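[1] Here is a sequence with its predicted model. Questions after.
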There are 2 protein chains.
Amino acid sequence: MNAGKRALLLVAHGSRLPEANTEVAELTNRLREVSGDRYEIVTHAFLEIAKPDIPTGIDVCVAQGAAQLWVLPYFLAAGRHVRDDVPALLDQARERHPDVLINLCTHLGAEASLPELLLQLAEGGSA
Amino acid sequence: MNAGKRALLLVAHGSRLPEANTEVAELTNRLREVSGDRYEIVTHAFLEIAKPDIPTGIDVCVAQGAAQLWVLPYFLAAGRHVRDDVPALLDQARERHPDVLINLCTHLGAEASLPELLLQLAEGGSA
């Protein structure tokens, strides 16, 4: 019986614009509210430019008691970052934390219900 | 009574990776299927790098009979592109097409139901 915590790590690219990184932090806060008790830990990390970086984000989750970690790539396209860079960082994290189950989720752009969400945006009207 | 068509234009950044642009085209196809009869025209355009560009995308919608056009920014962050570049292109398009109602929708990253969609992704499991 594994009594460790379930953690959700939202992984974004990271921007030179501080407000873009703040948007990710705010989204993480909303994600934490919406997730209820499904994850004891909900946090975020950045691939480049901004902090915390992904290895740090994972290590913080583990230090807080995560036994299962879902890594959620907040990316629209399956480019090099999604295909190569994030998986490589997860492989390294699995070596550091062999007792933690680290799952890589599908990136946002491939989510099946994205078209419905885009239609909601369109129906919401003007920005 | 306006008998013109309703058009939805998904606007993405555009990538040097052809497969990333193909992902946008495929998403547009799914969007067209899901939208049913809500929009007579559903298509996409790119801000940079890839074709068609946004002015061309708008002009094609108008040439096909669009009287109302919803422009949907497929962007995660409210950076310079979302705040400045896309609105400037729409202002120019409104001058070219004064009889067409051109609406700018909220960008994807600001959609209120995004956290729920991200949780769906996490629950979908590994990539």
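    Sure, I can see it. Numbers count the residues shown, from 1 in each chain, chains lettered A, B, ... in the order given.

[2] Which residue ranges of chain A form strands?
    Under the criterion DSSP state E, strands of chain A are mapped to A:5-12, A:41-46, A:66-73, A:101-104.

[3] which stretches of chain A form helices?
    Ranges of helices in chain A, per DSSP state H, are A:18-35, A:54-63, A:80, A:86-96, A:114-123.

[4] Can I get those helices in JSON lines including mean pLDDT, mean neighbour count and distance to chain B?
    Every C-beta, even on glycine, is put in place using the N, C-alpha and C of the backbone. Formatted as JSON lines, the helices of chain A follow (pLDDT from 0 to 100; neighbours: other CB atoms under 10 Å in any protein chain shown; distance: least, CB to the nearest CB, whole Å):
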{"stretch": "helix A:18-35", "mean pLDDT": "93", "mean neighbour count": "17", "distance to chain B": "4"}
{"stretch": "helix A:54-63", "mean pLDDT": "97", "mean neighbour count": "19", "distance to chain B": "14"}
{"stretch": "helix A:80", "mean pLDDT": "84", "mean neighbour count": "11", "distance to chain B": "8"}
{"stretch": "helix A:86-96", "mean pLDDT": "97", "mean neighbour count": "15", "distance to chain B": "8"}
{"stretch": "helix A:114-123", "mean pLDDT": "88", "mean neighbour count": "19", "distance to chain B": "4"}
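
[5] Including mean neighbour count and distance to chain B, could the strands of chain A go into a markdown table?
    Putting the strands of chain A into a markdown table (neighbours: other CB atoms under 10 Å in any protein chain shown; distance: least, CB to the nearest CB, whole Å) gives the following:
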| stretch | mean neighbour count | distance to chain B |
| --- | --- | --- |
| strand A:5-12 | 25 | 6 |
| strand A:41-46 | 22 | 10 |
| strand A:66-73 | 24 | 5 |
| strand A:101-104 | 18 | 5 |
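
[6] residues contacting the residue lying closest to A:A3 once chain neighbours are set aside?
    Using CB to CB, 6 or more residues apart in numbering or on different chains and skipping residues adjacent in sequence, the residue nearest A:A3 is A:A67, 7.5 Å away. Applying CB atoms under 8 Å, 6 or more residues apart in numbering or on different chains, we find A:A67 in contact with A:N2, A:A3, A:G4, A:K5, A:R6, A:D99, A:V100, A:L101.

[7] can you do 10 Å?
    Shown in contact with A:A67 (CB atoms under 10 Å, 6 or more residues apart in numbering or on different chains): A:N2, A:A3, A:G4, A:K5, A:R6, A:A7, A:E40, A:C61, A:H97, A:D99, A:V100, A:L101.

[8] any idea of the pLDDT on it?
    Here the pLDDT value assigned to A:A67 is 97.

[9] What distance do you get for it to A:L101?
    With the distance defined as CB to CB, to the nearest Å, A:A67 ends up 7 Å from A:L101.

[10] now do A:L72
    Between A:L72 and A:L101 the computed distance is 15 Å (CB to CB).
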